[in-house]
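**Q** here is a sequence with its predicted model. Questions after.
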Amino acid sequence: MTISILAVLLGLAAPSFTPLLERWRVAQAVEGLKSALMLARSEAIKHGGNVYLEKLPPTTAGCITDNTNQDWDCGWVVFLDANGNKRWNAGEEIQSYTTPPNITVTRSKSGVTISADRWGMMDGANLVGFTIAPHPQGISSPATKGLCMASGGRIRVVNQEDVPCNN
């Protein structure tokens, strides 16, 4: 009898935890992306440039929603481009990050890489924004966050009502 009552109570309570879990997963992805962008800048200053942030390919294990160059849902890698081809190759990795399950990360501009020069300036990042949202709700979810970055490195995290980044 006690077990059946407990099961009913858990069945009623479980849906109320979904928004909380979504906010946690979004926050985890936002912090991972923010850290990766700051790491890319600092490593570029340290190494005199040639540091890139590149989205992981759709063949990454567990990745199901990465369909375009704007979709960074599989995660990303920060790397020092040792051979100068502007693409991530084995042995160049500084740090890699995979996104939590059921999270979409969409870049406002299409592109698989963001580069950092020797001064820590992010090429192509001026007014670049990322939208991080739970899947499948997307931008309509109150858990949605935006990450906005200027070329000089200023990073802002905005709430759902300010997504996508405009300035």
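**A** Thanks, I have the structure now.
**Q** show me what the one helix or strand in the chain whose mean pLDDT sits lowest pairs with in its sheet, parallel or antiparallel.
**A** Least confident helix or strand of the chain, by mean pLDDT, DSSP states H and E, is strand 122-123 with a mean of 80. Paired neighbours of strand 122-123 in the sheet (DSSP bridges): strand 113-116 (antiparallel).
**Q** I'd guessed F79 sits against N50; true?
**A** No - when contacts are counted by CB atoms under 8 Å, F79 is not listed as touching N50 (9.2 Å). The way it works is simple: take the backbone N, C-alpha and C, and place the C-beta from them, glycine included.
**Q** between those two, point out the one with more neighbours.
**A** F79 (23 against 19; other CB atoms under 10 Å).
**Q** which stretch of helix or strand covers that one?
**A** strand 76-80 (DSSP states H and E).
**Q** quick one, helices of the protein?
**A** With helices called from DSSP state H, the chain shows them at 2-47.
**Q** the biggest strand by length in it pairs with which strands?
**A** Taking DSSP state E as the criterion, the chain has its longest strand at strand 128-134. Here strand 128-134 has these sheet partners by DSSP bridges: strand 103-107 (antiparallel), strand 145-149 (antiparallel).
**Q** good, wrapping up.
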